[in-house]
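[1] Task: produce atomic coordinates for the following.
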Amino acid sequence: MMIAAAFAAGVINSIAGGGTLITFPMLIWLGLDPKVANATSTVALWPGLFGGLLGYRRELENSSAILLRLGITSVIGGAIGAWLLIWTPSPTFARLVPFLILFATILFMAGGSINRRLRLQPIVAEPIALWWLGAIVFQFFSAMYGGYFGAGNGILMLAAMGILGLHDINRANGIKNFLGICINSIAVLSFALKGLVVWPDALLMAGAATLGGYFGAHMAVRVQQANIRRAIILIGFVITFVMLWRLWH
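    Numbers count the residues shown, from 1 in each chain. Sure, this is the predicted structure:
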């Protein structure tokens, strides 16, 4: 089940995103502590981010200013978020899990409209200082969330691109993938140093997720992305309901 979930998450991430909403609940269902499940899921899906970055390497040309400024911001915010998770008591995090999944599901629902807005808006001139400040502050808190939990964080990062007036969806996705690597790399390092990762599970899942990502890339041209998104949203709400039911009963 764990390997199947990781493979499915890899497929989903390559087509529509949202794979964490599959792997994280599965690890909890298999009996892992929620904090350990979160850390292990983060490590398992981390390698797939690099493949996504390579796919957008051409779109990242002439983006050095954004990559540098928001990249540093992402590392700092991601580190703070990861350490907040590390120091959150497990019972407290367990109570937060249903609400985090609900928040991630709502973010995922909003992703379509954000993507459409990015496509429809005209490209603007070089961002002014105030826009840079807004984007850095927004990305800092987005990175904190990414280091702490992370599901749906890509939607927040796309919103930060919008603040900068960046409306090329392919370039925005490339930058998002780079920032995701910054956030998750520091989170993976932090979780590993604190012993939160179940490495045998993480490595097996990483292999399955990588295969799933490769398979999903070939499926993407044949599968309706909207149908995948609807399925993920439905799964997210069902998981939220089940976890809230268990929490309150």
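
[2] going forward, measure contacts and count neighbours with C-alpha atoms only.
    Noted.

[3] Any regions of this structure where pLDDT drops low?
    Within the chain, the stretches with pLDDT under 70 are 14-17, 52, 111-128, 162-165, 167, 169, 217-225, 228, 249.

[4] got the residue ranges for the helices in it?
    Applying DSSP state H to the chain gives helices spanning 2-15, 20-29, 34-55, 64-87, 90-120, 129-148, 153-163, 169-193, 199-219, 225-248.

[5] Let me have the ones you listed in a markdown table, extended by mean neighbour count.
    Shown next, in a markdown table, are these (neighbours: other Cα atoms under 10 Å):
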| stretch | mean neighbour count |
| --- | --- |
| helix 2-15 | 24 |
| helix 20-29 | 23 |
| helix 34-55 | 22 |
| helix 64-87 | 21 |
| helix 90-120 | 17 |
| helix 129-148 | 22 |
| helix 153-163 | 23 |
| helix 169-193 | 22 |
| helix 199-219 | 20 |
| helix 225-248 | 15 |
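
[6] mind listing what the nearest residue to Met1 once chain neighbours are set aside touches?
    Closest residue to Met1 apart from its sequence neighbours, by Cα to Cα, 6 or more residues apart in numbering: Met26 at 7.9 Å. Counting by Cα atoms under 8 Å, 6 or more residues apart in numbering, Met26 makes contact with Met1, Met2, Ala5.

[7] Could you single out the nearest of the residues you listed to Asp201?
    Met2 (8.0 Å; Cα to Cα).

[8] my guess is that closest one meets Leu27, correct?
    Yes: using Cα atoms under 8 Å, Met2 makes contact with Leu27 at a distance of 7.1 Å.

[9] State the distance from the residue nearest to Met1 to Ala82.
    To Ala82, Met26 is 21 Å away according to Cα to Cα, to the nearest Å.

[10] same question, Gly10
    23 Å.

[11] same deal with Asn38?
    With Cα to Cα as the criterion, Asn38 and Ala82 are 10 Å apart.

[12] Likewise for Thr105?
    When Thr105 is compared with Ala82 (using Cα to Cα), they lie 21 Å apart.

[13] And Ala8, by the same measure?
    Taking Cα to Cα, one finds Ala8 at 25 Å from Ala82.

[14] again, but for Phe138
    17 Å.

[15] Could you do Ala231 as well?
    Counting by Cα to Cα - Ala231 and Ala82 are separated by 29 Å.

[16] go on, Asn184?
    Taking Cα to Cα, one finds Asn184 at 9 Å from Ala82.
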